[in-house]
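Peer 1: predicted model and sequence follow; I will ask about them next.
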Amino acid sequence: MSNVSDSDLMMLADGELDATEASAIERRAGRAGARKVEGIQEVGGLVRGHLELSTDEAEDRLAGLWSLVERRIEADARAEATPAPAAAAPAAGEPAGMWARFTRWLDGHRGHFLTGALSAGAVALLALVLRDPEVVVKTVQVPGPTPSGPVAGGPVTGPIVATPALQRTAPEIESLEVSGGTGSVFTIQDDDGGDIAVIWVTPDDVLEGI
Amino acid sequence: MTRSTTPLARRTILAAAAVLALAGGASVAHAQAAASCTVLEIEASSAASPSIDPELRPFEKKLKKPPFSSWNTFKRLGSHALTLQPMKAGELTLVHGKASLILRDVTAGNGKKQRVSLGIQLDDDEGKRVLDTKVGVDAGDWLVVGRSLKGEDSRGQIVALSCKL
C-alpha cells in the first residue's frame, strides 16, 4: 500500500487538487491508489444520483404546498385591501371611538328624544295643574262602635291612630220627592267637623194638626 | 323643518291624551265597587223622663240638635247590615214601614274621600211611598232620613245609614 492518505485520495477523486499535486499523488498512490480513487468516484456518482432522484420526488410534493401558501397570501392581501362595513367606520374626517359613535347615534335619534322630553314635560304640567291646592292633614278619631248590630264588630280598642285625612265633601241632595207631606233638608255638625245631612218628612196630616 | 315639527306635535298631543285617558279611567274603575251599609232605625218620642238607648250613645250629641231636639226619648228599633252591589236595590223591612237602597255610583280621586251616590226610598206602614231621594255622601259618613209618624203622640221615625267601601 502507498503512503498516500485517504483524504488526499478523496480530494483527488473530487478534483479539488491542482494538476501538479494531482500528478504527484497519482504517482505515489500507484495502481492500488488509482482503483481506490475510481471506487470513490463511483460511490460519489451513486450518491449524487440518489440525491437527484430524491429532489425530484420532493419537488412534486412541495408543489402543492407552495400553491397553498400562495393562495393564503393572496387571500390575506385581498382582506387588507377591502375595508370594514361603512356603518362601523367613521366617515372621512370624523373622530373615531365610542364617544363619536354615541354622538352619531344621538344625532340619528334626536327626534325621538325631543318627543319623549316634550311628553314628559306635558305630563309634569298636567300633574301640577290637576293636583290638589293643598294637602289637609289632621287627626281623625276612629268612630266608636255602631250602637249595636251584626256589623258593629264590638268596641274599638287600642290607640287612636293619626292618619292623613282626605278632603271631605259636604253631602249633596241630588233629588227629593215627597208624597203626602213636606220635605226639609238640614245639616248638623258631626263630631269631627263634617256635616251630616238630615232629610225630614212631615206628613200633611201632621202639619194640619200643628 | 316642517316635516319634523308636524309629527312631533302630533305625538305630543297623543301622549297628553293618553295621560288624560288614564287619569279619567281611575275614577271610573271605582264605580264597580260594592258598598257595605249599616242602617239604624230609631224611634223618637217625648216622655216625662228623657232617655236614650245605650246603643245610641255615639249619636247622643246629634240627637240633641234640631230637628231631633223636639224629642227627648230615643229608642233603637233595629239595626241592619247589607251589601249593596252597584245599581242593585237592597230592601229592608223596618218596624215602621220599609226602606229600599240602591248604590248608584262611587267616585273618588283628586285627594278627596271616596263618595257614594245612593238612591233611598222610604215607605210607611201602609206601603205608601213617603220619600224618594238621591243623595251623594262621603263613604263612611252618616246620612239621616226621618219622618213624623201619624198619631197623637207625635213620635218620629229616624233612619240613619252609612255606607263604606
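Peer 2: Alright, I've got the coordinates.
Peer 1: who's in contact with the nearest residue to residue B:52 once chain neighbours are set aside?
Peer 2: The spatially closest residue to residue B:52, leaving aside those adjacent along the chain, is residue B:74, at 4.8 Å (CB to CB, 6 or more residues apart in numbering or on different chains). In this view, the C-beta of every residue, glycine as well, is placed from N, C-alpha and C. Neighbour list for residue B:74: B:42, B:43, B:44, B:51, B:52, B:53, B:56, B:59, B:63, B:68, B:158 [criterion: CB atoms under 8 Å, 6 or more residues apart in numbering or on different chains].
Peer 1: check which residues of stretch A:33-53 are buried.
Peer 2: A:33, A:36, A:37, A:40 (16 or more other CB atoms under 10 Å in any protein chain shown).
Peer 1: right, and the third one touches residue A:9 too?
Peer 2: Read it as residue A:37. Yes. Between residue A:37 and residue A:9 a contact is recorded at 5.5 Å, counting by CB atoms under 8 Å.
Peer 1: now for the two: what residues contact both?
Peer 2: In the contact map built from CB under 8 Å, 6+ apart, the residues linked to both residue A:37 and residue A:9 are residue A:29.
Peer 1: picking up where we left off before, for the buried residues of stretch A:33-53, work out which two are farthest apart.
Peer 2: A:33 and A:40 (10.5 Å; CB to CB).
Peer 1: quick one: the strands in the chain?
Peer 2: I'll assume chain A. In chain A, the strands defined using DSSP state E lie at A:172-178, A:181-189, A:195-203.
Peer 1: meant chain B actually
Peer 2: Secondary structure of chain B (DSSP E): strands located at B:35-45, B:51-52, B:73-84, B:89-94, B:97-109, B:112-123, B:129-138, B:142-148, B:156-164.
Peer 1: can you list those in TSV and add mean pLDDT and distance to residue A:52?
Peer 2: Listed next are those as TSV, based on pLDDT from 0 to 100; distance: least, CB to CB, whole Å:
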stretch	mean pLDDT	distance to residue A:52
strand B:35-45	92	114
strand B:51-52	90	138
strand B:73-84	92	114
strand B:89-94	91	120
strand B:97-109	89	105
strand B:112-123	90	110
strand B:129-138	91	117
strand B:142-148	89	125
strand B:156-164	91	114
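Peer 1: now those as TSV including distance to residue A:18?
Peer 2: Conversion of the strands of chain B to TSV gives the following (distance: least, CB to CB, whole Å):
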stretch	distance to residue A:18
strand B:35-45	134
strand B:51-52	156
strand B:73-84	135
strand B:89-94	141
strand B:97-109	124
strand B:112-123	129
strand B:129-138	135
strand B:142-148	143
strand B:156-164	134
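Peer 1: any shared contact partners between residue A:33 and residue A:40?
Peer 2: When contacts are counted by CB under 8 Å, 6+ apart, residue A:33 and residue A:40 have residue A:9 as shared neighbours.
Peer 1: returning to that earlier point: can you say which of the strands of chain B is nearest to residue A:194?
Peer 2: strand B:129-138 (7.6 Å).
Peer 1: which strands or helices does the longest helix out of those in chain A pack on?
Peer 2: Ranked by residue count under DSSP state H, the longest helix found in chain A is helix A:19-81. On a contact count with 3 or more CB pairs under 8 Å, 6 or more residues apart in numbering or on different chains; DSSP states H and E, helix A:19-81 meets helix A:6-14.
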